[in-house]
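Participant: all I have is the shape, not the residue letters:
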């Protein structure tokens, strides 16, 4: 399950880096100037970079304790990725790509990867206590 968590973290991190810039670009990327969605996108860039790092660490580390710590970190970063647009705010205009595309996409990515991380964390914890294989 550690490898599944690593793959999910790397893929989710790459998507969190790509979505606000290339798939559903923010207003600043479209040349409209800095708006609230720019702050949300920057928060997602940080979350994406942290997820990539956690995923790379999960690939590299073999110790169960380190894997559990990185998986818990990745799950926490996913929660941050989901709530960041609500905290930093984004454009209120429903015709803007950040409103109809970026925010729902990053929330879906964060939720999906977060579920994988929680499942991996439970699996790693059970394996350590003798409850599973």
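Facilitator: On my side now, so go ahead. Since the model is a prediction, treat every value here as computed from it, not as a measurement.

Participant: so in this structure, which helix runs the longest?
Facilitator: The longest helix of the chain (DSSP state H) is helix 103-129.

Participant: so which bits of that helix are buried?
Facilitator: Within helix 103-129, the residues scored as buried using 16 or more other CB atoms under 10 Å are 103, 105-107, 109-110, 113-114, 116-121, 123-124, 127. Where C-beta positions appear, they are placed from N, C-alpha and C, glycine not excepted.

Participant: got it, and stretch 29-40?
Facilitator: So for stretch 29-40, counting by 16+ other CB under 10 Å, buried means 29, 35-40.

Participant: rebuild these as CSV, extending it with distance to residue 64.
Facilitator: Below are these laid out as CSV (distance: CB to CB, whole Å):
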residue, distance to residue 64
29, 41
35, 45
36, 42
37, 40
38, 40
39, 38
40, 35
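
Participant: among the residues you listed, name the ones in helices.
Facilitator: 36-40.

Participant: a markdown table please, covering the residues you listed and showing distance to residue 1.
Facilitator: Below are these laid out as a markdown table (distance: CB to CB, whole Å):
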| residue | distance to residue 1 |
| --- | --- |
| 36 | 38 |
| 37 | 35 |
| 38 | 37 |
| 39 | 35 |
| 40 | 31 |
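
Participant: between those residues, which is nearest residue 25?
Facilitator: Using CB to CB, residue 37 comes nearest to residue 25 of those, at 9.4 Å.

Participant: from residue 91, how far out is the closest residue to the closest one other than its chain neighbours?
Facilitator: Distances taken as CB to CB, 6 or more residues apart in numbering put residue 98 closest to residue 37, at 3.6 Å, once the chain neighbours are dropped. Per CB to CB, to the nearest Å, residue 98 is found 5 Å from residue 91.
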